Every structure is written in C-alpha cells, then in structure tokens.
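> how would this look folded up:
(3 chains)
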Amino acid sequence: MTSYYKTEMEFFVDMQRCIGCKACEAACAECETNGQQSMIHVNYVERAVTIQTTVQVCMHCDDPVCANVCPADAISKDEFGVVHTANTARCIGCSNCVMACPFGVPFKEESYDMMMKCNMCYDRTSAGKKPMCATVCPSQALYYGTREEMRRMRPNSVPVNTFQFGKLEVKTKVNIMMPKGATMLKVD
Amino acid sequence: MAKLPVDAEKIIAQFGPHLNFAPQEGYIGRDEPDKVVETHCCFCGMQCGIKLLVKNNKVVGFDPWMEFPFNEGRLCPKGVQRYLQNNHPDRLLEPLQRVEGEGFKPVSWEDSMDKTVAEIQRIQQTYGNDAFAMLSGVSITNEKSYLVGKFARVALKTRNLDYNGRLCMVSAGAGNKKAFGLDRGSNNYSDLANAEVILVAGANVSETFPTLTYWIWQARDNGAKLIVVDPRVIPLARTADLHLDIRPGTDSALYGAMLNYMVEKDLLDHDFINEHTTGFQQTIDAVKDYSLEWAEQVTGIAKEKIALAAEWWGKAATSFLLHARGIEHHSKGVDNVLGCINLVLATGRIGKPYCGYATITGQGNGQGGREHGHKCDQLPGNRDINNPAHRKYISEVWGIDEKDMPGAGYTAYELVEAIHRGEVKGLISLCFNPLVSLPNNNYVREALEKLEFYATIDFFLNETARHADIIFPGSLQEEEEGTVTTAEGRVTRIRQAVTPPGQARTDTSIILELAARLGAGDKFSYSSSEDIFNELRVASKGGTADYYGITYEKIEANMGVFWPCPSLDHPGTPRLWEDRKFATADGKAHFNPVVYKDPGEVVDEEYPVVLTTGRVVSQYLSGTQTRRIGKLVNQYPEPLLEIHPELAARYGITQRELVRVVTRRGEAEFPANIVETIRKDTVFVPYHWPGRKSANQLTTGTLDPISKIPEFKVCACKLVPLRKEAPLPQDAHAYDSI
Amino acid sequence: MRFQLNKKAFFIALCCCIVTVMLVFYGSRKLQNFDAALIAYLFGTVFALFGIIYRYCIWLQRPPTWMYFRRGWQLLFSKSFVEYAGLSVQKLVRNIAFQRFIYPRGKTRWWGHFMLATGCMLAFCVTIPLTLGWIHFTMNPTDTSLYEAHLFGFKVMEFKLGSWMAFFIFHILNWCSWLVIAGCLLFMRRRLTHAGLIASQTFEGDWLPLVLLMAISVTGLGLTYDYEFLKGKTYEFMAVTHAVTVILFLIWIPFGKFFHIIQRPAQIGAHLYRKEGEKRGMAICPHTHKAFATQMHVDDLKIVTKELGFDFTLEDGTSHLDLSPEGKRAALAKAHLKAREATGKFFG
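I've put the predicted structure just below:
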C-alpha cells in the first residue's frame, strides 16, 4: 500500500477561511480506522467576542514532541514524515502527548484509555487519495494538493511550516498559509 | 382533526424523533458495497453531488463524488451524514391510521386508500371541491412537483394547492418575474470566480449553503471585495471587506440610498439603462430623498459604510449580487429583491462573464419545485393559471377541458387562515411540516385541530403528521428516480439507490393510486419517473421555464443541463441575458420603484427588541430529517438566544441564563448566548425545533402583499430573564420537544 | 543507526539472568526436578529474559518513562499506600486480567484479545515454572491414584487421577491453545475485512504475531493429538516444530509486538499518577478557564520536555504548556489572525 503514497502532495491549512461548519469532523469520523471518532478539531476561538473558528489537523512535526514525550514508545513517524497515531498495543493512556503537543492535536479517549490523533487519513493517502477532511471542506481551509497548485490558486499567500512557541522552533510537514513574505508563525 | 389521539410523548416514543448514530465501525458491508450510486445530497439548493454506498438495499455510507462540477467532492456536515436518514429506526414502514386514545395503528393500503378517497369525496360533495386542499413541498423532485400540481387540479379538482416554497424564495421569484420576466438566478456560480465586487445580502452562506463558500473564497483569492449585509457577524462577514450590520426589516432603505448615491455620483451604465431597461426615471425619483444620513438613521449602518458600499458597487467592472431569505422573508420581501435588482440594472452588469445576480434558493429543489405548477397560481413551465392562453395549453397537455381547470387558490399561510374560517375542511400534504416551519404556529396548530380530515404522505412521522387521520409511508429522496433543479438552474439527476423499505411506497405511486381511485386514472398513466418528466418537458415547452430540450440521457451525459433549454440540440443556458433580450413582454429589463416602508411590526415600549430568526449549519428547515441524525443534533443541540452583551447587561442576563422571549403571538424560553456578533437592538433564534422550542411560536404571519411570504425575519419582542441557568444542552431535548 | 551497547542495561539484564539460573538450580532442588527434555526451552526463556530486561532498562532510561516509573513507585509507597495498592489491584484485574479498556473499542475486538491474552497468560503461568523446574508432579507414594503438584519442591496440592481436576490440569495447555486459536481467528478476520486495518497493518507488526501464536497453539495441540490418537508416531516432528515456534516466540518478545505484554502494567502507574494529581489540584487553562489536566502533570511535563530539548517557555516567563489543547489551538488561530490582519489581506 505504502508505495502509492504521493510524495508531491502536501497539506495546506488556512484557518481564516474556516467557517466552522464541522463537515471535516463529520467526515473524519466516517473513516474506517476512527470508529466514529473525529481526529480533527474545530472550535470557536472566543465565541463571546468573535465568530472565528479554527480547524486543526495534526501538523506532523519533523521532530514530533508527542513521540518524544511518549513513555511507551507508542508514537512513530514513517518514511513519508507521517506521524502515526498511538500504537494501540503500547499506548498506556498517560496523556503526555495530549498535554505536550504545541498544536493541541492528540486527545485521550477516556473509555478506551488511549490517545488518538490524526494520521493524515493514512488509509486514503497511502492509496493516493486526498484525506477526507480536505476532500469535503467546503471552504477549502483544508487543502491537499501540490505546492504548484497552491501557488496558482492563492498567489498572494505562501505556505509556511515553521512555528515559534516561545523559545522553541517547530518544523512541520503540514503547511499553514500565510501572507506573502512570511517565513514563520510566531505563537505567544 | 381534533387534538392528538394520545399524548405527544407516546407518539414520540414510537415514531421519534430518535437519534440515529452510525455503528462504531460503520455499517456492515460499507467496505464492499453492492453498488455505488452517483446522486445528490437532499439538503439545500446547492444539490451537491455525492455517492451513496448501498449494501443489501440499504444506504450504508457515502463517498465524495469528485467529478461533479459544482462541489467536486466538497460537502457540509449535513451532506456527510445524510446517509443516516436511510436505515433509520423511525422510518415509516406501513400505512397508519389515527385511533382515538391509542395513537397510530397500522392499517392496510387498501383501507387507508378507501378511507382517504371516501373522505375527500364526502368533504367535496358537502362543502365544494375547494374545501379540500393540498400542501406540498420543494424538497421533492421536479417530477413529483409536476405530478402534485396536476393531481390537485385534475384529480382533486381543487384550486387550493400551495407549497412550502411560499416560505422560501417566492419574494425573489416575484421580483425576478417583474424585473426580468423569468424566475431563475441569472448566472451559474462559476461567474463568481472573477467578480470584482460580491455583495451578499441576507444570506448566511457559510451555514445555509456551506459549499457555496468555496466559490466566494475563490473570488476573494482573485482579489474580489466582499460586502456582506447582515444583522449578525456571520462567518462570511467576519473577514469581509465590508460588513453592513443592518437593522432587520430595513433592507430596502439601504438599497435605495445606495442607488441614490450612485445616481448622485453618476456611477451608472447609461447605455445599458437607455437601451435595455424601462422605469429608470420613476425608480430614481422614488429614492431621491434617500440620503446617506437618512439611511443611517433607518438601517443603523454608519453612513460612511453605505457610501463605501455604493462606491465599490458603482465603480466595479464586474460584480455578483447574491441574496437569500434574509431580505426575502419580509412583508416587503419583493421590494427588497427589486431594490437589489435595481442596483444590478443601474450598473448594467448582467448577462456578461463575471457579472451576475441570483437569489440562493434554499430548499433541495427550491428552484425546480417552483416552476412546474404546484404553486397556487401557477401552471407548468412557470405559467400563470389566470392567463387564458396558458390555461388552454396546459389543459390540452393534460387532456382536460379548460373550464375544468381550477383558478388560483390560497397561498400556504392563507390556507391556514381559510381553515380557521371553516372554508377549507380537508387537507392532504406531502413534504411539509408547517407546525414547525410556518410562522405563528400556535395558530397553525389550532387550524389543524379544526380539520375534518387530514392525510399526509411522509417517510417520518413529523410534528404536523401527528395530527393526521391517515399517514401514507412515502419515499426518501434516495428511494425514487427523478430530477431536481439546483439553485443555479442546473437540472440534475436524482438516482434511486434503494427501494422503499417494508410496505412503504414511492410518493409517486401513492399519488397515482389516489388519482386512479378519484376517477382520473386515465390522466395519470405513467410507467416511470422518466415518463412524467417527458410530459413535464412538453408541458413546460414555450413557457419561461422551458425544459423541453432536457432529457435524462442529456443530464447524465453532461452532469446537468441549465434551463431554459427549448430544443433537443440546445446546450442549455448557464448564463442568462447574454443577448440582452429579457423575458418580459417588451424584451427589456424593468426597474421598479421601491419606496421604503416599515416592517409589519415595529418595536415599541411594550415590545422593545427586534427578533429575527434563521438557521444553523447542522439542521435543515423544519428538521424532519436532520433532527433524527445523532451527530447533527449534537452539533447544535438546542436553539440559543443570541444577544449582545450590552443588551444582556440592560436586563442583567448572564451566559446560559434562561430567557423568556415574548411576542404578541406567543412565548418561548431559550438559553442566552451572549455574543458581540449581533446588533445591540436585535436578538436571534434559529427556528428548526418543534413545540416549546419553536421560534415560530413567536414570528408573525404578516405577509408580503405580492409574494405572500410571511415576515419571519423581523418582529417585536420583549425579554424576560428567568434568573435561572438553562439545563445542559444534552438534557434540553430540543430535538423532540413537545 | 549503529548499535551501541547500553552498559547499564546489559549489567542489570545479566544480573537478572544469573539470579534466574540460580533460582532454577535451587528451585528444582539442585536439578533433581528439572526436566532435561525442556533444556531448549530453558535457554529460550533465559535469552528472552535477558532481552526483556535489557530493553526494559533502555526504555526506562528515556526521560518521560523514567519520570513515570519513578513517580508510579513513589506514589504506591507513599502514605496513601493502602488506597493506591487497592487501586492497583483493581486496575490489575480490570485492565490486565480482563483488558476492559478494549471493550469500548469493539466487542469482537475485546473477545479476540481477551481469549488471546487469557490463553497466553495461563500458558505462561504453567510453562515457565515447568521449564524452570519450579513445579513438577509426582505420584503419591502411598496411593497411586493420587497425583501431587510441587512448587519449588514443596507439595502444594493433590488430586485424583481421572478426576475433573486431573483432566483440567493435564490438558490445561490444550485449553490455552483453543483460546489462542479462537482469538487469533477473530483478529485475522478483522484484519482481512476491515478496510482501515488493511490500510495501516504491516506483516511484521500485525500478522507475524498472529501467525506465530497460531503455530504455537496448533503444534501444541499436535503433541496431544499425536499422543492420544497416533500413539506417538509423529512425536519427534511435533515436539521439534512446537519447540521451534515457542523458542522463536520467546526470543522475539523483546523486539516485537509482544513487548507490549511487558509494558502494559505501566498503565496502572498512569492511573495512580492521575489520581494523586487530582488530589493535589488541577491546572486551569488561561484561555478556556477550565481544568484540563493535573497541575503535577503539567509541571512534570515542563521538566521532561526541557530534558528532551523542547523549551516551551514564553517571553513573559509562562509556558505554552500552561494552555489546554483547545487553548493552544486558539492561540495558534489568534496568532494567525494577527499575522493576516497585519497585512490587511485574509485571502489570496
């Protein structure tokens, strides 16, 4: 299966386009591997003052903090840079990854005593298809395609995959769309 | 027919709404479906392409249909979960009869038909043909819309047929007919892509037509400026270049002032106005006093913003104006629509690439459903039932004597009033849940209780059907072949994925059998949906909504065909008016003067707050279908009262405090959601819920004099804080409220 | 990656092996109870033990693991010993013996795993002491219809030949085999039909363990079949194939999927840690204003991430880790909005 993974395809996120409809959440839960659980997060940023919503997929870090803090070696990154969800046999449900991920992606499913997270729809991407969330997203806040396609469609934005959290710089496989000229996103 | 046969709780326990969740690992067989059916989502006028996965005659899942040009696989949460309406525990599987004190008991098809036909005949013989009415809806296919129109006139022989499109876009239809002589969005949405300015008025696109967002965002990527007119900061408005936060009920003042500004600054296309339009002078005369200052006072929008909007709109080279229920659900809905059209005509930006104007039709077949004659005053091809030539043509197609063709009847809300007056005694309905969707619904309930006989065709026992004497189990969208016409005017194919379960039958076969038993069998001998469509083609031929050149085969080969399509070799018309020949009698587009009027109910000391209503993304209309799908219900479990912190502070209302909203027609309690994203003088409640949670207990039955659309979008209310916190959303049970 | 010997782990593993060998010697009463036929199994077991301990030690040397390992024991032997010992026993029964946490993930999945795990654990309890010579059976010297079981040479029970008990005990490994086979079949069916699993499974990680367990069980049953029905004609073949599969299994434990059997009890530690953390107080997210984790967890995580080279300290001295997951997502979205707003363009 893995041989069909298209390495030229990349994931691009632009949460300012998100309309908070949660089509991605619904579609994510439909995936066979997820057992009706959604791995993607859509939430209001601060509903009292704004209708802004944000959408978060796993960013698939180059050096994933979640895998580093996992005491059970349950999280691994494959040769394509996809950081996989917890190995069900190993995960002990300690929530280290949940608390340490700078993007707030993994979550613990209490009834399973296990962490779950987005694996970029490995069953679909490994067969050359787009992830379910990016397929259905009606605003295309989530886009899966080539860098070239993105350049053509959104000429005034650039994909950025470097993030600064205080002193820490994190590089990711997933890109976020920023105004032209930006090279990183500083979060504080 | 009288009150409910048993307590509503007992009916709900048996017939729902119950929440359907997919099994944890999906339905069995989803990985190896028997067939994959390319069809369309049943929710909303976008009619997104979707593939349904079928196993053992059940829909077990969906797959994105990447090739369908409008949505290329994109869906909203309703679309993703639409498959869960099939395979649903609440699905009606056999005909039911009301049994006093017991509820609804199964009855044979034979007996249910006998009883219904006997009651129809009794009522019509006693009180006259028009005393038996029919109400229909526009979430059904073109074939069924056409069939219902013919059934009511030819088999029931009643003039009293109307439909729930009356609550949808009739104001737009009436406005379009006045201005252009034809009722359809002038452009398809690909004309949005390079529009310089996009004006969206009263359309919460990202919640009600989420997949349309893509086209608007695409235009913005190409540099379009977005202007949003809405009393709330809807998701589309948050990042818009200009948000005009209008006071509900004052839309026409805004468009009048914009037009006046454009006249003053001469931002007009004089050549177009002179050569292709009429009525310009009277129209600008009507607005000559509409200064920015006056408009600011009326609409509550800062005058600088109005000027900027007029400036942008006036100077743009290309543009697209979209509107929806926000400006149409008014006692002056037609005026509002005409105000928008005047802005379009004044700039001459129509009938050219990236120059567009359209209403965004809300219901699944809101476009097609309003063309084929199941409106009270309409015949197929969007013909006029009062026009002798039109009557004659359709009578010939139907094989009846023209003098047997009934005249125009009452509109939907007027029918309710007629029932109250005792003029209408019997009713049959299909695809309509007026107890949730009509305004002032306590009044509607009383009407239902006065009926001598009520029969309904539906797949779930909705709130209105609880008042029925006979319930025929009909078909879901995926259980019958047919076509629908999308909001763009694209005629597309709905494919039968599964057959109706149990003893349920297709809606069509139920109507055909009733027609036969009413003695009109010879006029209703079709062997398939395609047969009906072929008759519809002929019936629409020469009308403004001309489908003659569209065939099933052509639709399938082209992934949809845009009407008008008058001949078999015609490719269809994605963009109207390219030849500048409008469908009016004089071939010109008509300006229509719009003088500002106040809404039907204005705030006063007793009712000092404006109440407006609308939708949320996870629910569809009256919720008959979507209040049964678990995750959609959980996404927005109960209606909330959106209120600005300043207004909340004036009443001392805290977050999630229960607030009683009172109008002259009723009252209801909702938890407060205190947000800065709404005007300070306005509160908002979404309307999808029944019973005590229904916002339409509060709304008014004031109608637009032309379109007869009720004024859902504005009324006066007072707020009574109850000083107690609302129960948790999951305990609210709004979806099955009584 | 070049292999580097971890001296500490090697030393501990070696010590454990020496101790075990000594225990074999003395536990079998200086080998008089040792069954020489099982010598190959003994080598396999000792090798597996070495591997397991070696890997476990390496595992413990990782900062997060060491943090929880240390914390787990500290808490267990704290002043709340009675409470936590009780909790541990409860979790041991619930999560280790019955694997209840798998049940919500799927009923068949739980049945499969429960049968597999019970079969394996029961078999371990029998075969390991047998192999190490710690238990053995003798005939009662006075009454030949009675059988006696000895542990470390001490008599622990006796039962009548031909009794239900005898039937149960003598065939216990067969019962285990049937359980394992049933569990394997359930899992294999899932892996053949479930599209999600088909996409993500690997031969080495998912199929090999099932195949191996299946082989062990089938060859084990083969021994009984040979003895009961073939009068020992194929004994050699059956014994060798069974020994080969079992030894493969044993020496593979430290390297493959089966290591999770050794790791799983750490889950109990995680529960203790959570319980104690709740007592000490929850961390409140400055964005959502809601409790989201225990403060002890957040504080420990700040230490662990720093040790691992991830410093989330922000300019104002607070840490990004003070935010709940939702708070972190909102922080990112706000930062993105700010960057977009600064240029005045949301789109393009």
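
> next one: phi and psi at B:I360?
phi -100, psi 100 (degrees, to the nearest 10).

> nearest residue to it other than its sequence neighbours?
Nearest non-adjacent residue to B:I360, counting by C-beta to C-beta, 6 or more residues apart in numbering or on different chains: B:A324, 4.5 Å away. In this view, the C-beta of every residue, glycine as well, is placed from N, C-alpha and C.

> Let me know whether that neighbour touches B:A358 as I believe.
No: here B:A324 does not reach B:A358: they are 9.6 Å apart, not a contact under C-beta atoms under 8 Å.

> Neighbour count: the two, which is higher?
When B:A324 and B:A358 are compared for neighbours, B:A324 comes out ahead with 27 against 24, by other C-beta atoms under 10 Å in any protein chain shown.

> Distance-wise, check that one relative to chain C.
22 Å (C-beta to the nearest C-beta, to the nearest Å).

> Can you give me every residue that contacts that residue?
B:M169, B:A201, B:G202, B:A203, B:N204, B:V205, B:T208, B:F209, B:T359, B:I360, B:G362 (C-beta atoms under 8 Å, 6 or more residues apart in numbering or on different chains).

> of those residues, closest to chain C?
B:V205 (15.0 Å; C-beta to the nearest C-beta).

> The closest one against B:G362, yeah?
No: with contact defined as C-beta under 8 Å, B:V205 does not reach B:G362; the gap is 11.3 Å.

> quick revisit: state the distance from the residue nearest to B:I360 to B:I306.
B:A324 sits 21 Å away from B:I306, taking C-beta to C-beta, to the nearest Å as the criterion.

> Filter the contacts of B:A324 down to the buried ones.
In the contacts of B:A324, burial by neighbour count holds for B:M169, B:A201, B:G202, B:A203, B:N204, B:V205, B:T208, B:F209, B:T359, B:I360, B:G362, counting by 16 or more other C-beta atoms under 10 Å in any protein chain shown.

> Can you tell me the element the fourth one falls in?
This points to B:A203. When elements are assigned from DSSP states H and E, B:A203 belongs to no helix and no strand.

> Backbone dihedrals for it, please?
Main-chain dihedrals, B:A203, degrees, to the nearest 10: phi -140, psi 110.

> burial measure for B:N382, as a count.
Neighbour number of B:N382 under other C-beta under 10 Å is 24.

> Give me the secondary structure label for C:T118.
For C:T118, the assignment made with DSSP: H, G, I helix; E, B strand; the rest coil gives helix.

> in which helix or strand would I find the residue in chain A positioned nearest to chain B?
Per C-beta to the nearest C-beta, A:I19 is where chain A lies closest to chain B, at 3.5 Å. Using DSSP H and E, A:I19 falls within no helix or strand.

> What values do phi and psi take at the closest residue to it other than its chain neighbours?
Spatial nearest neighbour of A:I19, excluding adjacent residues (C-beta to C-beta, 6+ apart): B:S206 at 3.5 Å. Torsion angles at B:S206 (phi, psi; degrees, to the nearest 10) stand at phi -70, psi -10.

> From chain C, how far out is B:S206?
Distance from B:S206 to chain C, by C-beta to the nearest C-beta: 14 Å.

> now A:A182
Distance, A:A182 to chain C, by C-beta to the nearest C-beta: 6 Å.

> okay, that residue: pLDDT?
pLDDT, A:A182: 93.

> that's a helix at it, yeah?
No: A:A182 is assigned coil when assessed by three-state DSSP, not a helix.

> Surely it and C:K338 touch.
No: if you go by C-beta under 8 Å, A:A182 and C:K338 don't touch, sitting 11.5 Å apart.

> Pick out whichever of the two has more residues nearby.
Between A:A182 and C:K338, counting by other C-beta under 10 Å, A:A182 is the more crowded of the two (19 against 12).

> For the closest residue to that one other than its chain neighbours, give the beta-bridge partners.
Leaving aside its sequence neighbours, A:A182 sits nearest to A:V160 (C-beta to C-beta, 6+ apart; 5.5 Å). Per DSSP bridges, the residues bridged to A:V160 are A:I176.

> Quick one: residues contacting A:V160.
Contacts of A:V160 by C-beta under 8 Å, 6+ apart are A:N175, A:I176, A:M177, A:M178, A:A182, A:T183, A:M184, A:L185.

> Same question for B:N142.
Going by C-beta under 8 Å, 6+ apart, the list of residues near B:N142 reads B:365, B:368-369, B:371-372, B:482-485, B:491, B:533, B:536, B:547.
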